[in-house]
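Visitor: I need the structure of the sequence given here:
(chains A, B and C)
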Amino acid sequence: MGVALRGIRRTFPDGTVALHGLDLAFEQGEFIVLLGPSGSGKTTACRMLAGLDVPSAGSIEIDGRDVTALPPRLRGMGMVFQNYALYAHKSVFENIAYPLRVRKFAADSIRSKVQAIAALLRIEPYLHRRPAELSGGQAQRVAVARALVWEPAICLMDEPLSNLDALLRLQLRTELKRLHRDLSKTFVFVTHDQEEAMTLGTRIAVLRDGRLEQFEAPRNIYRKPASRFVAEFIGRPAMNTFDGEVRDGRFHAPGWAVPVGDRPAGPAVLGIRPEQIEIVSAATDDAFPLVLDVCEPVEPDILWFLRAGDRSLIVRGSGDDITAESGDTVHVRFPRVALHWFDPVTGARLP
Amino acid sequence: MTASAAWRRVAWAILAAAVVIAVTPYLWLLLTSFKTRVDILSPQPAWRFAPTWANYPAVFIGKEYLPLLWNSLSIAGCSTLLSLAIGAPAAYVFARERFPGREDLFFFFLTTRMAPPISIAVPLFLFFTATGMIDTLYAVIIAHTSFNLSLVVWMMRGFFADIPREIDEAAQMDGRSRLGAFVGVVLPLAAPGLAATAVLCFILSWNEFLYAFLLAAFEGRPLTVGIPGLVTPHGTLWGQVAAVAVVATLPIVVFAMLVQRHLVRGLTFGAVKA
Amino acid sequence: MRPVSARGRLLFDRGTAWFLLAPAAVLVVIFLVGPFYYMTWTAFTDLSFANPDQHGSFIGFDNFRRLMRDDDIFWSSFGRTLRFVVASVGLEFVLGFALALLIHRSVRSTRILLTLLLIPMMLAPVAVGLLWKLLLQGDFGMVAYYLRSVGLLGRDAAIFSNPDLVMPAIVAIDVWQWTPFVTLVVLAGLMSLPREPFEAATMDGAGPWRQFFDVLLPLMRPIIALVLLLRGIDAFKEFDKVFILTGGGPGTVSELLSIYAYRVNFKNWDIGYGAAVAFMVYLVVVVLCSVFYKAVYWKRSGDRVAA
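Guide: Next up, the predicted model:
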C-alpha cells in the first residue's frame, strides 16, 4: 500500500520537458521531500500528485488504484501553497472550514474539527480575522490547518516555508515535524533548501532536470551521495569536488596532489566534505601543504579557503584548533573513509 | 509672497478655470430644465430666475416619455447582466488557460469593440427585421450585449489575472470541481472588479445612440433616441429637452463617481491600472 | 470501475474551458462576425433597396473602384475626418497632459477635483450634442452670448449654419468632452511612475526641463501611445454629436465618414456601395487598433502568459 508514480513524463506545450519518466514509490506515513534546484521538476511532480497537472505519459497509483485521471477533489489530498492561497473574502475560520463545507460535513462537526486543528497549530486567537490581517507565519499556519482539517491521507506542501523569514521558517519547520509525528499522515514536501529537506524528510528524492538522482533517507543522501550532483547539492558548505587523475596511489589535481592509497588508476572526481578534512600541525606522510587564502568565522566553527591550484579547497574546522593567517601554509589530511569518488563523465558514484 | 506660493496661486487659478469650463455647461442644462420658456429665450443669460417644475411632468407624462426611461433602464440593465454572464466566464478562460491562438482570439475581441457601429449596422438591421425583432428592446439589448462583451472580457481578464492561480487550485484541493472553484471562490473574490465592470457596461449601454436609433426608432427607443425627437427646426421646447437630458445623464454622472477608481482601467481596456 | 485515461481527464479539463467560452463565442459569431462577413460580401454586390432592379448581383470590385476613383464626397469626408481627428485629439492631448501635470504637481487629494472634471465625458454624446446646440444658439445661447460679448463671435453669427465655423465648433465640443479622459489616464500614469529615475536625474544635475524631456516623457511613452490611439480610434468613429448638432451640414461641410456611411446606407439605401464605405472605415480602425495592441499590450501579454 502507498503511493506510486510510474514513468511520469510531462512535456509542456512549448516543448520543454519537466519530467523524463519519473518513478517514485513511497508508503503511507512517510515524510517525503522532493528536493532540487528550480527547474528540476519537483513542483511539477507535486502538482501531478495533486491532480492539478496531468502527466503526458505514465500513471499515478494510490493504494493500488489508478488515480491518473481523477480530478483533485477525488484524490483525497490536502495541499499547502507557497503563497498561502487563502481566500481573502472569508474569515480564518471559514477558510479552514471550507474543505469541510464543500464535503458537506455537519455544522457541529465542522466547528469542533476547526477548533481542534486551530488548537494544534496555535491559531485559535485569529479565527475571526481576515487573511489580510495575518502575518506570514500565521497565514501559513492557517493554510496548513485548511489542508489538514478534513484529515486527508496525504498532505502536499509546495515550498510552504519559502515566503517566510529565516526565524519563522525554523519555527514552522519544527512544528511541521511535530504535526507529522502526531497525525501520522503522509506528507509530501517540495523544497529547494537542502537543510529543510535533511531535517524534515524520512526520505528525500533529489531531482535534477526532470530526473530522479537519488531517493533515500537523509543519512544515506549525506553519507553516500549517488552522484556528484547530489554530493554538491547537500551540505553547507557544499562538498569539495575536484577533477583529476589517480596515479601511483595519489590523486593529482591541477597544481596539487594527495595520497589516496589503493585506487585504480585513471581519471576520476574526488569529493570530500569540508567538515571531514583535518588540519594537522606539521607535515606527515599523508598530509600535504596548502596556502591559506581567506578565513570566515562561522562561530563556533571556522571556514578556511585554501588555494588548491586555481580552485579553493574549503575546510570547516573548530575555531579553537589552529591559528593561522592569510598567506600562511597549513597542512591538511584527507581521511580515507571520508573520500567520495565519482565518474568524471556521468557523475555517478564509484565504489 | 514666495515664488512657490505664487506658483500655487497660478496653478489653482488654472484648475479652477478648468473646473468651471467642465461643469458650467452641464450646470446650465440643469438650470434650463427648471426654467420657463421666457427665461430660456432671454437673450441675456438668466442666472437668476423663478424655478418651475413644469417641464418634467410636461414631457414625461404629457409627451409620454416615461416609457423611454423604462426602455433605457431595461436595455442597459439587461445588456449589462447578459454581457457579464457571458463575458466573465470567457474572461476567466483567457486569464487561466493556455491554448494555441489565445492572444489572436483576444485581439479579435478587441477589434469587435473598436469596429465602428456603422460598419455592421446594416446586417444587424436586416437580421432583426427578418426575425421580427426590429423596434423591440430585444434587438437593442442583443446589440449592446455583443459590443459590451469585449469590454467585459478585457476588463475581467485583468481582474481574474490579479487573483493568484493558487486560489483556484486550493479550492480544487478543498474539494471543488474546476467550475466549482470558479463560481465558488474566484467570482466572489473578483466581485469588486465585477461591480466596476457592470457599472461601466451600464453607462456605455445607457449612453449609446446609433444602434438604439437604428434598431429601435419607435416603440423600444431609449432616452438617447428620444431626446433628438424633441428638437424641431422651429419652436423647440428647450425646457423639456433639458428635463429629458437631465434624467438621461444625472444617474450616469452619479454612477461614474461611484466607480471613479476603476474608471481608468475600464476606459483603457485594462491597460492602465489606477 | 474502469479508470478514465489521462486523455479523458484532459478532455474534461478542456471541456470546462470550452463550456465557459462557448456562449461568448456564439454571440460574437452571430452578431459580430456574421454581420461583418455579410457586409464584406455585400460590398462586392450592387444591392440597393432604393432601386428594385438591383438585387445584389456580384459586381466584383466595382464599388471599390467607384469609391477610389469617382467619389469626391467620400474623399473629402475622409480628409475632413482625418483633420477632425488630428485637431481634436491633438488639442485634447496637449490640454489634458498639461492639466494632468498641473494636478499631479499641486493637488494632493484629487478625488473631488477629478469627479468634477469627469462630468463632460460621462454624458451621453447625444446629450452633449444637444447641450451645445442649446449653449451656442444664436439668439439665446449662453456660451454664444459670452463669446459675442468678448468679441469672439460676430453679432448675428449662427454657428451651425456657418460653413467656416461648424467644424471648429465641433472640434471645440469634442475637446470639451474628451480632454478629461486624457487628464484622467495621464494622471494615473504619472502617479504610477517610479521615483528613482527622477532622483537619479536630480543627482546628475538635471533641471526641471531636462527631467521632463529626458526622464518623464520616455517613461510615459506607453501611456501617451495608449491615449492617442484610444482617442484616435474613437474620434475616427465620431457620429452621435455631429449627427445631432448638424446632421453633416450645412451641405456636407461637417459630414464625417460615419455620417457619410450612414447617409449612403440609411438615406440612399445603397447597401452594396454603403458596405464598401463601411468597410473602409473598419479597415482604418483595425489598423489603428493593431498598432494599439502591439504598442501597449505586447510586452505585457508576455508576463500575463507566465503569470
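Visitor: chain center to the longest strand seen in chain A: distance?
Guide: Across chain A, the strand with the greatest residue count (assigned by DSSP state E) is strand A:287-298. On the basis of C-alpha atoms, centre = their mean, to the nearest Å, strand A:287-298 sits 29 Å off its chain's mean C-alpha point.
Visitor: how about stretch C:234-254?
Guide: Distance, centroid of stretch C:234-254 to centroid of chain: 14 Å (C-alpha atoms, centre = their mean).
Visitor: if you count neighbours, what's buried in that stretch?
Guide: Residues C:234-246, C:248-249, C:252-254 are the ones in stretch C:234-254 that count as buried (16 or more other C-beta atoms under 10 Å in any protein chain shown). Backbone N, C-alpha and C define where each C-beta goes, glycine included.
Visitor: what parts of the stretch 101-250 of chain B come near chain A?
Guide: Residues of the stretch 101-250 of chain B lying close to chain A by C-beta under 8 Å from any C-beta of the partner chain are B:164, B:166-167, B:169-178, B:180, B:184-185, B:188-189, B:191.
Visitor: what subset of these is buried?
Guide: If we count by 16+ other C-beta under 10 Å, those have these buried: B:164, B:166-167, B:169-178, B:180, B:184-185, B:189.
Visitor: please enumerate the helices of chain A.
Guide: Under the criterion DSSP state H, helices of chain A are mapped to A:42-50, A:92-102, A:107-120, A:136-148, A:166-183, A:194-200, A:218-223, A:228-233.
Visitor: can you pull the phi/psi pair for the residue positioned nearest the centre of chain B?
Guide: Closest residue to the average C-alpha location of chain B: B:I203 at 1.6 Å, with C-alpha atoms, centre = their mean. Here is the backbone geometry of B:I203 (degrees, to the nearest 10): phi -60, psi -50.
Visitor: do I have it right that it meets B:P251?
Guide: No: here B:I203 does not reach B:P251: they are 9.3 Å apart, not a contact under C-beta atoms under 8 Å.
Visitor: ok, back up a step: what about the helices of chain A, which gets the closest to chain C?
Guide: helix A:42-50 (10.2 Å; C-beta to the nearest C-beta).
Visitor: what's in contact with that closest one?
Guide: A:3, A:5, A:8, A:10, A:18-19, A:22, A:24, A:34-36, A:53-55, A:60, A:72, A:75, A:77, A:79, A:154, A:156, A:158-159, A:188, A:190-192, A:205, A:207, A:210, B:169, B:173 (C-beta atoms under 8 Å, 6 or more residues apart in numbering or on different chains).
Visitor: and C:Q177, what's its pLDDT?
Guide: pLDDT for C:Q177: 96.
Visitor: the one 10 residues further on now?
Guide: Note for C:L187: predicted pLDDT of 92.
Visitor: same deal with C:L20?
Guide: Confidence for C:L20, expressed as pLDDT, is 89.
Visitor: quick check: it is in a helix.
Guide: Yes: counting by DSSP: H, G, I helix; E, B strand; the rest coil, C:L20 falls inside a helix.
Visitor: give me the low-pLDDT residue ranges for the stretch 1-150 of chain A?
Guide: For the stretch 1-150 of chain A, the stretches flagged by pLDDT under 70 are A:1.
Visitor: for it, what lies in contact range of chain B?
Guide: Going by C-beta under 8 Å from any C-beta, the residues of the stretch 1-150 of chain A near chain B are A:13, A:50-52, A:71-73, A:77-79, A:81-83, A:85-89, A:98-99, A:102-103, A:143, A:146-147, A:150.
Visitor: buried residues in stretch B:260-274?
Guide: B:260, B:262-272, B:274.
Visitor: contacting residues around residue 100?
Guide: Went with chain A since none was named. So A:L100 contacts A:S109, A:I110, A:K113, A:V114, A:V149, A:W150 (C-beta under 8 Å, 6+ apart).
Visitor: switch to chain C, that's the one I care about
Guide: Per C-beta under 8 Å, 6+ apart, neighbours of C:A100: C:V182, C:T183, C:L184, C:V186, C:L187, C:L190.
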